[in-house]
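Visitor: Fold the following for me, if possible:
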Amino acid sequence: MKDSKIFIIIILIIFLLGFAVYWQFRTFQKSLSQVGEIQFPKFEMPNIEELLSSKNKEKKEFVSPDNKIKLKYSSTWIELDPETLEQMNKEAVKEEGEILFFAQKFKLEKAALAFLTVQEISKKEKSIEGFIETMKKETEEKGSKMEVISLETEEGMASLEAKYQKEKSPPFHSKAKIFFTKDKIYLISIFSLEKDWQEFEKETDEILNSIQFTP
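Guide: Model prediction:
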């Protein structure tokens, strides 16, 4: 099994959820069940007034179980419940890695949606560039295309911006940070539909810039 399998599962889930939102936003939570062996994530839907309230913007912090990754995000992000996250990890194969955090954000007035994920992956590639090439190859094997827009690397870390296109689905845009350690890869990504990217780009940069990594 390849080390990017967990990433490919995330991509498939995001494409499928994004497709549902794009065509039928108001019924998003009603009937998402399974496609193949992938279980759709279930989110607790917040009160609409709370989502639209400008007061509901306090910061929250995610800390990985090993304390290596810390990041801050707005409380307007809806976190995946622990039981569903556990089920997703069973599908993603524990030996290959783990989804540590999965959240979504709605902007109801714009019918816009974004996803925030934190993944811990078993390291098998020798370089960040090699890992990204594997991501591209396996994304294509699953019927999608990954286009790297920009890639900035330094020792043990990379900033990645990319687009993803799946046939008959709207394209997605993403920014991510990748941390490369001796035995693990940490991948922190934010996705939105390409048409909505400007709605989330500023907040995406804020979240990614808030990341604290302890080698």
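Visitor: Quick one: the strands in this structure, in order.
Guide: Taking DSSP state E as the test, the strands found in the chain are 34-35, 38-39, 59-63, 69-74, 78-79, 97-107, 112-122, 144-154, 157-166, 172-180, 184-193, 212-213.
Visitor: And the average pLDDT for the fifth one is what?
Guide: Which is strand 78-79. What strand 78-79 shows for mean pLDDT is 89.
Visitor: Paired strands for that strand, with orientation please.
Guide: Strands that pair with strand 78-79, judged by DSSP bridges, come out as strand 97-107 (antiparallel).
Visitor: The fourth one too?
Guide: Taking DSSP bridges as the criterion, strand 69-74 pairs within the sheet with strand 59-63 (antiparallel), strand 212-213 (antiparallel).
Visitor: To Ser189, which of those strands lies closest?
Guide: Checking these against Ser189 by C-beta to C-beta gives strand 59-63 as the closest, at 13.3 Å. For the C-beta atoms, the positions are set from N, CA and C on the backbone; glycine is no exception.
Visitor: thinking again about what came up before, now the strands paired with strand 69-74 in a markdown table, with mean pLDDT?
Guide: Below are these laid out as a markdown table (pLDDT from 0 to 100):
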| stretch | mean pLDDT |
| --- | --- |
| strand 59-63 | 95 |
| strand 212-213 | 96 |
